[in-house]
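> just coords:
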């Protein structure tokens, strides 16, 4: 069995970033990346639908250590995929990746102070095992095997083509076709203007509206600074600026929702004009940031609507018909292609089955520790980004923390670190893993996720500024993270000698 100090699961944006941090801050540690697919990139390699892009700016979605050099800060999927691959190649990370290794199970042994990870490898799914001292889960939060599609009445009656964006056919021809896109989230907002360029018509069918905000796909301030300042300084300043802007918008949305709602709707009315029914199609029943805002770069969605190439229908679907959709009002929408942009299926820790000393681990019964570890679960860290800001902001913080943790354990001779509720925390208030966020894809399976408490470090804050204090600056030995299981005396002396020689 191959043994490593760290096994990273996933070679997407998070996993490649984790490998960089590990190489940089813990150069003496060995690691491997287990990737279930055949390529680097994760989300940005999986999704291939028309117009696929980020809905966060790349100065914050990009890594802290690798400046984003493209003019467009709201980047398309291929550009982001290239960025992740560049990172892997620039830092010789690819040689550490075991492709086509889908992790199935992970078993912790306290006696050995290590995880045994079982993966299905290759086309035939041969079972292989790896052991490690720390398991770093960078596998995202949704299932790569299935997207979410509601049970629509008459679904099989439709004679045309039905596509879920997660599994976009490579050669789907939608030129001069009538297209319906079901959904009003980020994927739908991306697909509609992209498909409208060639389709005969595109109709977005939504049960209820989403907040939509337009902004340029180029950051003029960032591009100006990059011309006149050293690259890393320009990137750091832009990153700081954009983090603060994200934070301000979110804070205003939570503290002054009526004012923020009015401002967002005013922008939509300015884009679509006084004759358009913004109240019906773009005015949600919830407050801003109760769900994620949808970004449309350069007002492309509004441009498609004003041109007549795209329309919006806000109504419940009654059923699929042989020729399209019937709405609850009885209206019939004809279609050649129906795209079900209806969301993701969440998956806790990549669907891996975990056990601790032979007992199955139930993460729904645990409390999150700093949004990345779990009470009673040793030597396990998960990257889980923000729902209200760029994912990579927290991914970078999490990787930094893992490196601090590994170095501290080496220095103190401890093999195990386990978050443990203290005596006065045993009956702490239990709150959802993601609180105050009503998006359907989260709400459907939130009961399967860990809980968070009512005070640090048992919170999943969704606040980058607070996390920098809690993750980057707070001491490791805080009384809640218990270090134990010392290295045997002979092994410790050998390990010190090895580090000294290195």
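Received, thanks. Predicted model, so just to flag it, every value in this text is computed and none were measured.
> was I right about residue 343 contacting residue 182?
No - in this structure, residue 343 is not within contact of residue 182 by C-beta atoms under 8 Å, at 10.2 Å. Every C-beta, even on glycine, is put in place using the N, C-alpha and C of the backbone.
> Residue 206 against residue 181, yeah?
No - Residue 206 lies out of contact with residue 181 (C-beta under 8 Å); the separation is 9.1 Å.
> Leaving aside the residues adjacent along the chain, what's closest to residue 50?
Excluding the flanking residues, the one nearest residue 50 by C-beta to C-beta, 6 or more residues apart in numbering is residue 194, at 3.9 Å.
> Surely that neighbour is within a strand?
No - going by DSSP: H, G, I helix; E, B strand; the rest coil, the assignment for residue 194 is helix, not a strand.
> For the strand or helix carrying residue 333, which helices and strands make contact with it?
Using DSSP states H and E, residue 333 sits within strand 332-334. For strand 332-334, the packing partners by 3 or more C-beta pairs under 8 Å, 6 or more residues apart in numbering; DSSP states H and E come out as strand 324-327.
> starting at the chain centroid, how far to the helix or strand encompassing residue 227?
Assigned by DSSP H and E, residue 227 belongs to helix 220-228. The chain centre lies 28 Å from the centre of helix 220-228; the measure is C-alpha atoms, centre = their mean, to the nearest Å.
> Heading C-terminal from it, find the next helix or strand.
Taking DSSP H and E, what comes next after helix 220-228 is helix 231-255.
> And the average pLDDT for that following helix is what?
Across helix 231-255, pLDDT averages out at 93.
> From the contact counts, what lies against that helix?
helix 58-61, helix 220-228, helix 257-272, helix 464-467.
> can I get those in JSON lines with distance to residue 23 and mean neighbour count?
As requested, these are arranged in JSON lines below (distance: least, C-beta to C-beta, whole Å; neighbours: other C-beta atoms under 10 Å):
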{"stretch": "helix 58-61", "distance to residue 23": "21", "mean neighbour count": "24"}
{"stretch": "helix 220-228", "distance to residue 23": "26", "mean neighbour count": "14"}
{"stretch": "helix 257-272", "distance to residue 23": "42", "mean neighbour count": "16"}
{"stretch": "helix 464-467", "distance to residue 23": "23", "mean neighbour count": "17"}
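> Distance to residue 83 added to those helices, as CSV?
Conversion of these to CSV gives the following (distance: least, C-beta to C-beta, whole Å):
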stretch, distance to residue 83
helix 58-61, 8
helix 220-228, 15
helix 257-272, 30
helix 464-467, 21
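> Would you mind telling me which of those is nearest residue 337?
helix 257-272 (25.3 Å; C-beta to C-beta).
> got the contact list for the helix or strand that the closest one is followed by?
From helix 257-272 onward toward the C-terminus, using DSSP H and E, the following helix or strand is helix 278-281. Residues outside helix 278-281 that contact it (C-beta atoms under 8 Å, 6 or more residues apart in numbering): 206, 209, 265, 268-269, 272, 312, 314.
> let's go with 10 Å and repeat that
With contact meaning C-beta atoms under 10 Å, 6 or more residues apart in numbering, helix 278-281 is reached by 184, 204, 206, 208-210, 212, 265-266, 268-269, 271-272, 305, 311-315.
> so residue 68 touches residue 226, yeah?
Yes - here residue 68 reaches residue 226: they are 9.3 Å apart, a contact under C-beta atoms under 10 Å.
> what residues are shared contacts of the two?
219, 235, 238.
> Please name the bridge partners of residue 346.
residue 142 (DSSP bridges).
> right, and it touches residue 384 too?
No - counting by C-beta under 10 Å, residue 346 does not reach residue 384; the two are 11.0 Å apart.
> Tell me which of these two has more neighbours.
Taking neighbours as other C-beta atoms under 10 Å, residue 346 and residue 384 compare with residue 384 leading, 23 against 18.
> just checking, that one is part of a helix?
No - the assignment for residue 384, made by three-state DSSP, is coil rather than a helix.
> how close does it sit to residue 370?
11 Å (C-beta to C-beta, to the nearest Å).
> so what's in contact with these two at the same time?
398, 460.
> Tell me if I'm right that residue 365 and residue 451 touch.
Yes - using C-beta under 10 Å, residue 365 is in contact with residue 451, at 8.1 Å.
> anything in contact with each of these two?
374-375, 430.
> which of these are buried?
Among those, those classed as buried by 16 or more other C-beta atoms under 10 Å are 374-375.
> what's the closest of the shared contacts of residue 365 and residue 451 to residue 77?
residue 374 (31.8 Å).
> returning to that earlier point: residue 365 and residue 451: who's more crowded?
Neighbours of residue 365 and residue 451, each counted by other C-beta under 10 Å, are more numerous for residue 451; the result is 23 against 12.
> now the spatially closest residue to the more buried one that is not a sequence neighbour: how far from residue 365?
In space, and not counting its chain neighbours, residue 451 is closest to residue 430: 4.4 Å by C-beta to C-beta, 6+ apart. Distance of residue 430 to residue 365, computed by C-beta to C-beta: 10 Å.
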